[in-house]
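# kindly generate the corresponding structure for this input.
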Amino acid sequence: MKQKGTVNMAIFGFIGVGNMGGALARAACRSVPAEQVVLANRTPEKARALAAELGCRAADSRAAAAEADFLFLGVKPQMMAELCGRLAPVLAERKDRFVLVTMAAGLTIETIQKLAGGEYPVIRIMPNTPCAIGEGMTLYTPGPGVTHEEEAAFLAGMTGAGEFLSLPERLIDAGSAISGCGPAYVYLFIEALADGGVACGLPRADAQKLAAQTLAGAARLVQQSGRHPGELKDAVCSPGGTTVQGVRALEERGFRAAAMNAVIAAYEKTLALKG
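Numbering: from 1, shown residues only. Okay, the predicted model is just below:
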């Protein structure tokens, strides 16, 4: 690494700039100078367009693999073997130190090392799409070859993504079933709340604004108050009031059980991806 333990000179390379890879590239450009970020994609035009927007550089995947200190492998799990096969000769030729960063669901650090052809240091991450605006929740596991200095440099370079939580690799899949998949469930809830408002006569734009800000504010209150969500829920439910009747309607339809089952279903699907 060009300046070990710091982010001052580290190059952050992204191979794959789809929804998630692109969101992380945006986050990196909020934290490090854009000239230290390089983008590559199967469709080169997509990398060039995002690079022009962010002020960073576009390259092909082999060039990114030869240069990056932190190389993000942002492809789908089923495409990882093909990508790593193409990059393996480039990585093998490198004499300097580098870290692979994988976000592929179901693929372990050990699997990535085998696919890449060497016991390279690997950081496994599971981000979510709010990283695009700096409000993400990213789970990560530093592999056994990653130094404390490299972990610190990685976190410093990605502060623009939002919050990071270190978990043992055995818990990454369970955590991702909440934070990785959870935004989809939240969007469904926002849409449903807004639909309810429209059914009661509100204009669509007003109903959506009310729903989205209500979820954002309630989430922030949980974070900042440190109080249990159940306690905060009780504080809104006045005896004989309107809110508790709404809670009753949700519970009658298995609201909490449905949310729990969504997390479990996502977790079980991740396990199935491992074969």
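
# could I have the longest strand anywhere in the chain exported to CSV, CA atoms only?
Longest strand in the chain by number of residues (criterion: DSSP state E): strand 136-142. The C-alpha trace of strand 136-142 is given here as CSV (Å, rounded to 0.1, in the frame of the first residue of the first chain):
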residue,chain,number,x,y,z
GLY,A,136,-25.8,3.3,4.6
MET,A,137,-25.3,0.4,7.1
THR,A,138,-22.4,-1.7,6.0
LEU,A,139,-21.4,-5.0,7.7
TYR,A,140,-17.8,-6.0,7.3
THR,A,141,-15.4,-8.8,8.3
PRO,A,142,-11.6,-8.3,7.9
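
# other SSEs contacting that strand?
strand 122-126, strand 162-166, helix 169-179 (3 or more Cβ pairs under 8 Å, 6 or more residues apart in numbering; DSSP states H and E). In short, each C-beta sits where N, CA and C put it, glycine included.

# in JSON lines: these, plus distance to Lys76, mean pLDDT and mean neighbour count.
Shown next, in JSON lines, are the helices and strands packed on strand 136-142 (distance: least, Cβ to Cβ, whole Å; pLDDT from 0 to 100; neighbours: other Cβ atoms under 10 Å):
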{"stretch": "strand 122-126", "distance to Lys76": "14", "mean pLDDT": "97", "mean neighbour count": "24"}
{"stretch": "strand 162-166", "distance to Lys76": "23", "mean pLDDT": "97", "mean neighbour count": "14"}
{"stretch": "helix 169-179", "distance to Lys76": "15", "mean pLDDT": "95", "mean neighbour count": "18"}
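
# can you redo the ones you listed as a markdown table with distance to Val263?
Listed next are those as a markdown table, based on distance: least, Cβ to Cβ, whole Å:
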| stretch | distance to Val263 |
| --- | --- |
| strand 122-126 | 14 |
| strand 162-166 | 16 |
| helix 169-179 | 5 |
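
# partner strands of the longest strand of the chain, parallel or antiparallel?
strand 122-126 (antiparallel), strand 162-166 (parallel) (DSSP bridges).

# next, the angle from that strand to helix 169-179.
Going by axes from the mean of the first three to the mean of the last three Cα atoms, to 10 degrees, strand 136-142 is angled at 170 degrees with respect to helix 169-179.

# next one: whatever helix or strand comes next after strand 136-142 to chain centre, how far?
Of the helices and strands lying after strand 136-142 in sequence (DSSP states H and E), the nearest is helix 148-157. With Cα atoms, centre = their mean, to the nearest Å as the basis, helix 148-157 stands 17 Å off its chain's centre.

# what of stretch 251-268?
Centroid displacement of stretch 251-268 relative to its chain, using Cα atoms, centre = their mean, is 22 Å.

# can you dump the C-alpha coordinates of it into CSV?
This file holds the C-alpha atoms of stretch 251-268, laid out as CSV (Å, rounded to 0.1, in the frame of the first residue of the first chain):
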residue,chain,number,x,y,z
GLU,A,251,-51.1,-7.2,14.7
GLU,A,252,-54.3,-8.8,13.6
ARG,A,253,-52.7,-9.2,10.2
GLY,A,254,-49.4,-10.6,11.6
PHE,A,255,-47.3,-7.5,11.0
ARG,A,256,-44.4,-8.4,13.3
ALA,A,257,-44.5,-12.0,12.2
ALA,A,258,-44.4,-11.0,8.6
ALA,A,259,-41.4,-8.8,9.2
MET,A,260,-39.6,-11.5,11.1
ASN,A,261,-40.3,-14.1,8.4
ALA,A,262,-39.0,-11.7,5.7
VAL,A,263,-35.6,-11.6,7.5
ILE,A,264,-35.6,-15.3,8.0
ALA,A,265,-36.5,-16.0,4.3
ALA,A,266,-33.7,-13.7,3.1
TYR,A,267,-31.2,-15.4,5.4
GLU,A,268,-32.3,-18.9,4.2
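
# what sits up against it?
By Cβ atoms under 8 Å, 6 or more residues apart in numbering, the list of residues contacting stretch 251-268 from outside reads 173-174, 176-178, 180-182, 185, 250.

# which parts of it are buried?
262-263, 266-267 (16 or more other Cβ atoms under 10 Å).
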